[in-house]
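dropping the sequence and predicted coords here.
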Amino acid sequence: MAQSNYVPGLEGVVAAQTRMSKVDGLAGELVIGGFKLETIADKASYEEMVYQLWYGRLPKQAELDAFTAELAGLRALPPAALDLLRTIAHKDLDLMDALRVAAGVLGTEDGAQQSDEWLAKRLLAATPTIVAAAWRLRNGQDPLAPDAKLGHAANYLYMLEGEPPSAARARGLETYLNTVIDHGLNASTFTARVIASTASDFVSAVVGAIGALKGPLHGGAPGPALDMVFEIGEAGRAEEVLRKKLEAGERLMGFGHRVYKVRDPRADVLAKAAREFYEADGDMALYNLVLDVEQVAIRLLEEYKPGRNLQTNVEFYTALLLHGLGFEVPCFTPTFAVGRVGGWLAHCFEQRESRIIRPQSEYTGEEDKPWVEISAR
Ligand code: ACO
């Protein structure tokens with residue numbers, strides 16, 4: 001039999017070259033668009049972060065103003081998207097399903113410009129509007145029109161809640177969106193690149209990426225991670241609860257990563273951003289519980305999966321920060337999408353310069369089956 005070249009999960013396979021981000025899984029370092037994560041995440045506006053990924057450099061003030069204003073003008077949803085969201089709204093609706101459905105309508109409006117750049121701006125600008133509208137409809141509230149005077153992150157909070165957020169909350173969310181904007185060839189980004197590589201449109205690429213992000217092994221982990229912390233409730237119970245989960249063969253959400261074999265560098269950035277919200281509203285008990293649960297989880301993962309180096313990933317601290325910012329669990333993964341869409345689109349632009357992605361498969365079935373008439377089966 002011929003030797004197999006199959007690599008399950010494409011682990012270690014290099015399937016793209018990119019200038020968007022570098023993930024060093026052994027050093028625990030993340031570089032986004034040439035900047036170390038901790039250099040840029042809590043300083044750039046989300047619009048600036050997107051600009052530098054899409055256009056390869058930080059914008060000058062006039063460029064940023066024009067980019068920000070153009071995006072703000074593209075936030076409102078087409079009536080068909082709003083109608084769809086109203087039709088599918090119910091109290092248990094998964095907001096990732098709502099996002100997938102409504103994002104597919106973008107760019108279908110009469111007169112919509114179909115250039116890659118216009119569609120990219122439309123998708124980026126309207127993603128938070130979709131999530132906020134779906135969230136409000138799910139709760140029996142009317143969607144709110146975007147406020148063009150607010151920045152991307154602040155307007156998202158406004159559309160969710162109906163009140164302009166404090167500068168500190170907008171900044172906290174912006175730091176989160178910047179932190180998750182891009183991360184090498186993760187599953188959803190790869191999905192977007194595969195679709196863009198066929199010369200298909202950017203809406204299709206983003207809809208595919210939303211589907212990939214939804215899964216609990218990728219972007220769906222922070223809700224279950226927070227549930228796990230609440231289930232534990234107090235530090236003294238962490239060992240008992242986590243041991244029971246591991247004995248039952250369950251995975252601990254928010255731990256383990258294909259690339260990082262040390263602590264995910266995004267965890268520190270998010271923990272730092274989260275701390276001030278917990279200090280401000282006095283719920284340091286939850287903050288400290290999360291830190292304690294992390295220690296116990298890492299110790300038990302080494303005990304149950306020795307040598308696997310299962311460390312904290314971004315989702316564990318995403319849960320802490322988004323909860324601290326006042327987000328409810330159903331909004332966690334869609335808010336990840338609000339951040340990551342800038343990176344998906346950056347990769348789509350980059351993929352346009354490359355070839356169709358078309359790997360091979362290894363056939364493992366039979367080859368000489370005889371045809372059997374239906375009456376004889
Ligand atoms: N808890 C318990 N065991 C784990 C965990 C975990 N969180 N993660 C991996 N393992 C174990 C697996 O059971 C497996 O053990 P085995 O060889 O004895 O069967 C071993 O470690 C290797 O696991 P794989 O699934 O092969 O690792 P892979 O690199 O394919 O998966 C993944 C990475 C999906 C992130 C995994 O670690 C996981 O499921 N984590 C929990 C979900 C999660 O937090 N997802 C968010 C990831 S970050 C992001 O996508 C933004």
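Structure received.

so what's the spatially most central residue of the chain scoring on pLDDT?
Nearest to the geometric centre of the chain sits F336, at 3.3 Å (Cα atoms, centre = their mean). At F336, the model reports a pLDDT of 97.

again with D281
At D281, the model reports a pLDDT of 73.

any idea of the pLDDT on the nearest residue to it once chain neighbours are set aside?
Spatially, and ignoring its direct neighbours in sequence, D281 is nearest to G324 (8.0 Å; Cβ to Cβ, 6 or more residues apart in numbering). For every residue, glycine as well, the C-beta is placed using N, CA and C. The score at G324 is 91. That number is its pLDDT.

for V290, same thing?
pLDDT for V290: 93.

cool, and the one 10 residues further on?
On pLDDT, L300 comes in at 97.

let me see the contact set for the residue nearest to the centre of the chain.
Taking Cβ atoms under 8 Å, 6 or more residues apart in numbering, we find F336 in contact with V180, L213, G219, P222, T318.

ok, it to G107 distance?
Distance of F336 to G107, given as Cβ to Cβ, to the nearest Å: 22 Å.

closest point of the protein to the ligand, which residue?
Closest to the ligand within the chain is G256: 2.2 Å, counting by Cβ to the nearest ligand atom.

enumerate the residues of this protein near the ligand.
9, 186, 217-219, 221, 251-258, 301, 305, 308, 310, 313-315 (Cβ under 6 Å from any ligand atom).

among these, name the ones in strands.
When the residues of the chain next to the ligand are checked against strands (DSSP state E), there are no matches.

any quick PyMOL command for the buried ones out of the residues you listed?
The PyMOL selection below is limited to those of the residues of the chain next to the ligand classed as buried (16 or more other Cβ atoms under 10 Å):
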select buried, resi 186+218+219+221+251+252+253+254+255+256+257+258+301+310+313+314+315
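
which SSE is the nearest residue to A235 once chain neighbours are set aside in?
Counting by Cβ to Cβ, 6+ apart, D292 is the residue found nearest to A235 once chain neighbours are left out, at 4.0 Å. Of the helices and strands defined by DSSP states H and E, D292 is found in helix 284-304.

which residues sit against that helix?
Outside of helix 284-304, the residues within contact range by Cβ under 8 Å, 6+ apart are 228-229, 232-235, 238-239, 242-243, 246, 252, 254-256, 274-275, 278, 308, 310-312, 316-317, 320, 323-324.

the bottom helix or strand of the protein by mean pLDDT?
Within the chain, confidence by mean pLDDT, DSSP states H and E is lowest for helix 265-281 among all helices and strands, at a mean of 88.
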